[in-house]
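Engineer: Predicted structure and sequence below. I'll ask about it afterward.
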Amino acid sequence: MSKAHYSHERLYHFGLALDFYSHFTSPIRRYPDLQIHRIIKEYIQKKLNPERKSHYKKILPKIARMCSSRERSAEDIERSFDALYACRYMEQFVSKTFLARISGFSPFALFVELENGIEGTLYLEREKRYIPYEKDGTLRDTSNTVIARIGQSLSVRVVEVDNEKKRIVVERN
């Protein structure tokens with residue numbers, strides 16, 4: 001899913017095809033939820049007069065930018081924290097074998113999800129060239145031979161856990 005983007009402008013919501021759209025969580029957990037809650041409350045109580053509208057028109061662009069930025073930052077921190085703790089957990093499994101499923105790839109590596117839900121990286125041979133085909137979820141070599149497919153199962157062995165780089169390296173077993 002794409003990241004939340006907060007805006008002070010009325011934007012089209014492609015999924016609902018509505019001219020006016022807003023939502024918030026319950027209980028309120030984020031500042032954008034609180035802000036829209038305040039505006040709706042003022043509207044219901046008939047307190048959203050021209051002066052208040054002017055106030056919101058002035059402050060909402062900055063609030064929207066700040067909330068979008070802070071949410072992305074919080075997600076990055078959460079991802080980094082999760083990766084570090086996954087590494088710390090996996091230290092005990094170096095040289096152990098796991099059943100894994102290919103969850104993604106790049107021209108230089110396969111990304112696998114181990115049976116315990118932890119992500120690992122399986123680096124490919126450097127001297128060969130690989131081409132990702134997103135259309136059919138395959139990784140092929142230069143002769144167009146399928147090397148890997150998203151969802152494919154394989155047995156891997158944990159060979160390295162790098163807490164600093166927050167990376168778990170595996171190799172085919």
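Structural biologist: That came through fine.

Engineer: Pop the domain breakdown of this structure in here.
Structural biologist: Domain ranges of the chain: 1-93, 94-172, per automatic domain parsing.

Engineer: Of those, flag the one that's most buried.
Structural biologist: Mean neighbour count (mean count of other Cβ atoms under 10 Å) peaks for domain 94-172 among those, with a mean of 15. Yep, even glycine has a C-beta here, placed from its N, CA and C like the rest.

Engineer: gap between that one and the chain center?
Structural biologist: Centroid separation for domain 94-172 versus its chain: 19 Å, with Cα atoms, centre = their mean, to the nearest Å.

Engineer: and the end-to-end length of it?
Structural biologist: Taking Cα to Cα, to the nearest Å, the first and last residues of domain 94-172 lie 14 Å apart.

Engineer: Could you give the average pLDDT over it?
Structural biologist: Summarised as a single mean, pLDDT over domain 94-172 is 95.

Engineer: again, but for stretch 31-44
Structural biologist: Mean pLDDT, stretch 31-44: 92.

Engineer: measure D162 to M90 for me?
Structural biologist: Remark: distance between D162 and M90 (Cβ to Cβ, to the nearest Å) = 10 Å.

Engineer: Same question for L139.
Structural biologist: 24 Å.

Engineer: and the next element down the chain from the helix or strand harbouring Q35?
Structural biologist: Taking DSSP states H and E as the criterion, Q35 maps to helix 31-44. The C-terminal neighbour of helix 31-44 among helices and strands, as given by DSSP H and E, is helix 50-90.

Engineer: Pull up the pairing partners for the helix or strand R101 falls within, direction included.
Structural biologist: Following DSSP H and E, one finds R101 within strand 97-105. Partners of strand 97-105 in the sheet, by DSSP bridges, are strand 109-114 (antiparallel), strand 153-162 (antiparallel).
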